[in-house]
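Student: quick check, what structure comes out for this input:
(one chain, ligands or ions: 1)
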Amino acid sequence: MTTPTPEFHLRTVAETVASRSAAEPEFLQAVNEVLETLHPVLAEHPEFMEAGVLDRLVEPERQLIFRVPWTDDSGQVRVNRGYRVQFNSALGPYKGGLRFHPSVNLSVVKFLGFEQIFKNALTSQRIGGGKGGSDFDPSGKSDAEVMRFCQSFMMELVHHIGEDTDIPAGDIGVGAREIGYLFGQYRRITQRYESGVLTGKGVGWGGAEVRTEATGYGAVFFAEEMLARAGEGIAGRRAIVSGSGNVATYAIEKIQQLGGTPITASDSSGYIVDEAGIDVDLLKQVKEVERARISVYADRRPSARFVSGGSVWEVTGELAFPCATQNELDANHARSLVAGGLRAVAEGANMPTTPEAVEIFQQAGVLFAPGKAANAGGVATSALEMRQNAARSRWDRDTSESRLHDIMRDVHNSTYEASERYGRPGDYVLGANSAAFVTVAQAMLAQGVI
Ligand code: GLU
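Tutor: Okay, the predicted model is just below:
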């Protein structure tokens, strides 16, 4: 057998995925974004090609699709579709969140699961990659409806998860409330208090301190490291943040703690601009406690205005934290942000920036941190939660936050070092993909063709 050139190999893998997954645009986007950066790694490691590492890596180990029937408050039977994609377990048990949102389909779950493999590898926490969810929409549902849905979802998921098998957590639409209902049902069915089977639990019953804040804080820590390398910082800068869930809320909180001024937040109805800086307590009250629309924030805060519809990326600033959802920031937004003096982007969400927009940022010399690296703090803290569960111990807040900070520093440094090693210093996309790929590929190589 002759070893193909990296170009030929990458093209063959891309063509196979494209023909097998033609109807999965998000998944293809995520795969291509990785393949486009791997040439230098493959040139250095022909053994990865010989062992078919990439051919195997782009195919999930297992994909589960199941019916989730439940009854709404009026007594009507409803049916949703549930998913769990167990993508890769070379580094550890499958680990990744559950997303409950009407946009969830197999393509979305596969893109998230694929990204998760790399992200989890970057955390150095020995966790594999997986993702799941449902097209169920929790918004507008009563607590009782959400509970019945979660219980039904777990009736099937229970067969496929476990603390050494697959450990789900939250994502869009899945927070502490949903994890509580899911855990309760798991415990009831299995008759086991298996704390480490889910992460993102309440701190009073096995959850880790700072898990709720971790993704948002982590993205800001990453941005801080990236800016520090360039001799700059967050203090005194205007930051544009999208979203208003956990990731956005705690990114806003940390930006403020570091002296920056976050001025925006958004949800599916529109966005708010608050030139005085976002009032985090009010944001939490509106979005976490009341589960209300973001416009309610502007109703209660004279310095803020609400813009209905539209994109928060119409606003410009020096720092950008896309923390809402995939492909929210496109080429036009990128051009307007660059023209408005943008300096750095750190992705709090998964794949929020389109490939064209990433290209525009990189060409313009804007520092760009891809989600795989920048938002790894959430899952890293989940791994810390698993560790505490296994040891039946509990770390305090300061310890937890400082562990998160250390991990984000390490993720930054290993990503930057890989960008140097593979020939494009400061290209964090290439750095994150290469560093993560080498880690996973070495483990796959050692474990044989499985
Ligand atoms: N859903 C989060 C992510 O995108 C967290 C996953 C987890 O904690 O397992 O990384």
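Student: Three-state assignment for the nearest residue to A324 once chain neighbours are set aside, please.
Tutor: Of all residues not flanking A324 in the chain, G243 sits nearest, at 3.7 Å (C-beta to C-beta, 6 or more residues apart in numbering). Glycine gets a C-beta too; all of them are placed from N, C-alpha and C. Per DSSP: H, G, I helix; E, B strand; the rest coil, the local secondary structure of G243 is coil.
Student: T199 versus P69, what's the distance?
Tutor: Look at P69 and T199: by C-beta to C-beta, to the nearest Å, they are 27 Å apart.
Student: the more surrounded of the two?
Tutor: Neighbour count, other C-beta atoms under 10 Å: between P69 and T199, T199 has more, with 27 against 12.
Student: what sits closest to M444 if chain neighbours are left out?
Tutor: Among residues not flanking M444 along the chain, A90 sits closest, at 4.7 Å (C-beta to C-beta, 6+ apart).
Student: so which bits of the stretch 251-400 of the chain are right by the ligand?
Tutor: N350, G378, V379, S382 (C-beta under 6 Å from any ligand atom).
Student: need phi/psi at the closest residue to the ligand within the stretch 351-450 of the chain.
Tutor: At 3.3 Å from the ligand, S382 is the closest residue in the stretch 351-450 of the chain, using C-beta to the nearest ligand atom. Main-chain torsions, S382, degrees, to the nearest 10: phi -60, psi -40.
Student: wait, doesn't it sit right on G170?
Tutor: No. In this structure, S382 is not within contact of G170 by C-beta atoms under 8 Å, at 9.1 Å.
Student: need the overlap of contacts for these two.
Tutor: Counting by C-beta atoms under 8 Å, 6 or more residues apart in numbering, the contacts common to S382 and G170 are G200.
Student: who has more neighbours, these two?
Tutor: Taking other C-beta under 10 Å, S382 and G170 do not tie; S382 has more neighbours (31 against 27).
Student: and what about the residue nearest to that one when sequence neighbours are not counted, helix, strand or coil?
Tutor: Nearest residue to S382 in three dimensions, chain neighbours excluded: T199, at 3.8 Å (C-beta to C-beta, 6+ apart). Reducing the assignment at T199 to three states with three-state DSSP gives coil.
Student: separation between T199 and R397?
Tutor: Using C-beta to C-beta, T199 is found at 17 Å from R397.
Student: now the helices for the stretch 201-350 of the chain?
Tutor: Using DSSP state H, counting those that start in this stretch, the helices found in the stretch 201-350 of the chain span residues 211-229, 246-257, 280-284, 295-300, 331-339.
Student: who's in contact with G348?
Tutor: Contact analysis of G348 by C-beta under 8 Å, 6+ apart lists 215-216, 219, 241, 243, 247-248, 251, 321-323, 371, 374-375.
Student: ditto for N105
Tutor: Counting by C-beta under 8 Å, 6+ apart, N105 makes contact with D135.
Student: in space, what's closest to the most centrally placed residue in the chain - neighbours in sequence excluded?
Tutor: Residue closest to the average C-alpha location in the chain (C-alpha atoms, centre = their mean): N350, at 4.4 Å. Here the nearest residue to N350 in space, its sequence neighbours aside, is G371; by C-beta to C-beta, 6+ apart that works out to 4.9 Å.
Student: burial measure for that neighbour, as a count.
Tutor: Using other C-beta under 10 Å, G371 has 25 other residues around it.
Student: residues in contact with L64?
Tutor: The neighbours of L64, taking C-beta under 8 Å, 6+ apart as the test, are G82, Y83, R84, V85, Q86, G132, E156, H160.
Student: for it, what are phi and psi?
Tutor: Torsion angles at L64 (phi, psi; degrees, to the nearest 10) stand at phi -110, psi 130.
Student: try S303
Tutor: phi -80, psi 0.
Student: that older thread, looking at the helices of the stretch 201-350 of the chain, which is closest to S311?
Tutor: Shortest distance between S311 and those, using C-beta to C-beta, is found for helix 331-339: 6.4 Å.
Student: just checking, what packs against that closest one?
Tutor: Under the contact definition 3 or more C-beta pairs under 8 Å, 6 or more residues apart in numbering; DSSP states H and E, helix 331-339 sits against helix 355-363.
Student: for the helix it packs on, which outside residues touch it?
Tutor: With contact meaning C-beta under 8 Å, 6+ apart, helix 355-363 is reached by 29, 32-33, 329-331, 333-335, 337-338, 342, 345, 353, 368, 370, 427, 429.
Student: try it again at 7 Å.
Tutor: Helix 355-363 has contacts (C-beta atoms under 7 Å, 6 or more residues apart in numbering) with 29, 33, 329-331, 333-335, 338, 345, 368, 427, 429.
Student: could I have the buried ones of the residues you listed as PyMOL selection syntax?
Tutor: To isolate the buried members of the contacts of helix 355-363 in PyMOL, using 16 or more other C-beta atoms under 10 Å:
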select buried, resi 29+33+329+330+333+334+338+345+368+427+429
